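Novice: coords please:
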Amino acid sequence: MQKVSSPYKDGIKLSVMLAAGCAIFFVSFLIGRYPVSPMMVMTILTGKIFHLAQTWPPMMERIVMNVRLPRIVAAMLVGSALAVSGAAYQNIFRNPLVEPKLLGVSFGAGFGAGLGIIFHLSWFWIQACAFGGGLLAVVFSLLIGTYFGKSITVLVIGGMVVSYFFQALIWALQYVADPNDTLPAIVFWLMGGLVKVSMTDILWVLPLILVPTAILYVLRRHINILGVGDEEAYTLGVNVKWIRGTVIVCATLMTAASVSISGIIGWVGLVIPHMARMIMGSSFARILPASLLMGGIYLLLIDNLSRSVVAVELPVGILTAVLGAPFFVFLLAKTRAKRRNL
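Specialist: Below is the predicted model:
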């Protein structure tokens, strides 16, 4: 039986998620190699917001504002973007195993970043190359899907082909890279992480994430109808081709922007939409805000673990895979148990 929900209960659930996100946001400032008291964090943040006279040590300000704040905001932004794009892909492709890297955007971005590292470009241009590589991969996938059949199946196969192609190009870059210089940088980028993220990076990707998210929210009812099936959507007057194309463009921009500043971080766009669906039901109108909040919270928690579990910081991509894989198996087991009880 389909899970029934009400606007009142949905509002409570989303409010709890928002409150949890705000609490974790503040606690994250306290996690790190250098201890910072909660009062110090509050003093610095309120002082910066209300332009108060500085009464705190400059070193504490650098830790809070220049090191931890960009990383915390980036974790929530990237997690939200990956989760929302994953939820959108799963809905329009009607496949719960779909994630943001379906059309090759992650490996395309990895190849672009690898090229930038090979040619010793600045961090900004490495990010720009990653963003461009991700978009290029999706364009190739769409061209294959359009030329060979214009169906969802062909589009998915085209995305797989493009992903493997760019993965091979990444291997080629690793093979020719200097093992003492560029190779470690490429490998570290591919593992995913938020160590180098600055507020400048966040500002340039912010519109590429917020605007597509807003568009998906405006189209949420059409996307929900599209998830039922193309024929039903046509019957209800939905322009299937236009809606699906818009969703792909929006999800691609969000994923490419996220990957360009964080590297390849898997499982967020696959696991979080499933969790949102378990809590909020199957309607995309409810899954979207839940995925946005839960994705940001999840990746922020993972990033906090990466810089506190062991003395040497672990790449975020490793932890998302280590924690995401068994959790997804748990979801599959739970789904199987439900089917047996029906």
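Novice: where in the stretch 101-250 of the chain is pLDDT low?
Specialist: Low-confidence segments of the stretch 101-250 of the chain, defined by pLDDT under 70: 150.
Novice: The helix or strand hosting Met60 - what's its average pLDDT?
Specialist: Met60 belongs to helix 58-61 when elements are defined using DSSP states H and E. Across helix 58-61, the average pLDDT comes to 93.
Novice: mind checking the SS state of Asn180?
Specialist: State at Asn180, reduced to three classes by DSSP: H, G, I helix; E, B strand; the rest coil: coil.
Novice: re the thing from before, what is the helix holding Met60 packed up against?
Specialist: Applying 3 or more CB pairs under 8 Å, 6 or more residues apart in numbering; DSSP states H and E, one finds that helix 58-61 makes contact with helix 38-49. Backbone N, C-alpha and C define where each C-beta goes, glycine included.
Novice: buried stuff in the helix it packs on?
Specialist: Buried residues in helix 38-49, counting neighbours by 16 or more other CB atoms under 10 Å, are found at 40-41, 43-44.
Novice: Same check on stretch 90-110?
Specialist: By 16+ other CB under 10 Å, the buried positions in stretch 90-110 come out as 90-93, 98-110.
Novice: got it, and stretch 318-337?
Specialist: By 16+ other CB under 10 Å, the buried positions in stretch 318-337 come out as 318-320, 323-324, 331.
Novice: Ok, stretch 160-174 next?
Specialist: When burial is assessed from 16+ other CB under 10 Å, stretch 160-174 yields the following buried residues: 162-163, 165-167, 169-170, 173-174.
Novice: How about residues contacting it?
Specialist: Stretch 160-174 is contacted by residues 101, 103-104, 106-108, 110-111, 114-115, 118, 133, 137, 140-141, 144, 183, 186-187, 190 when judged by CB atoms under 8 Å, 6 or more residues apart in numbering.
Novice: again, only this time at 6 Å
Specialist: Applying CB atoms under 6 Å, 6 or more residues apart in numbering, the external contacts of stretch 160-174 come out as 104, 107-108, 110-111, 114, 118, 137, 140-141, 186.
Novice: Same check on stretch 192-212?
Specialist: Among residues not part of stretch 192-212, those counted as contacts by CB under 6 Å, 6+ apart are 70-71, 73-75, 81, 250, 253-254, 257, 261-265, 303, 315-317.
Novice: Helices of the stretch 51-200 of the chain, start to end?
Specialist: Residue ranges of the helices in the stretch 51-200 of the chain, as given by DSSP state H, counting those that start in this stretch, are 58-61, 69-92, 105-118, 123-147, 152-176, 182-191, 199-218.
Novice: now for the fourth one, which elements pack on it?
Specialist: Here helix 123-147 touches helix 105-118, helix 152-176, helix 240-262, going by 3 or more CB pairs under 6 Å, 6 or more residues apart in numbering; DSSP states H and E.
Novice: how about JSON lines for those, with distance to Val27 added?
Specialist: Putting these into JSON lines (distance: least, CB to CB, whole Å) gives the following:
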{"stretch": "helix 105-118", "distance to Val27": "30"}
{"stretch": "helix 152-176", "distance to Val27": "36"}
{"stretch": "helix 240-262", "distance to Val27": "21"}
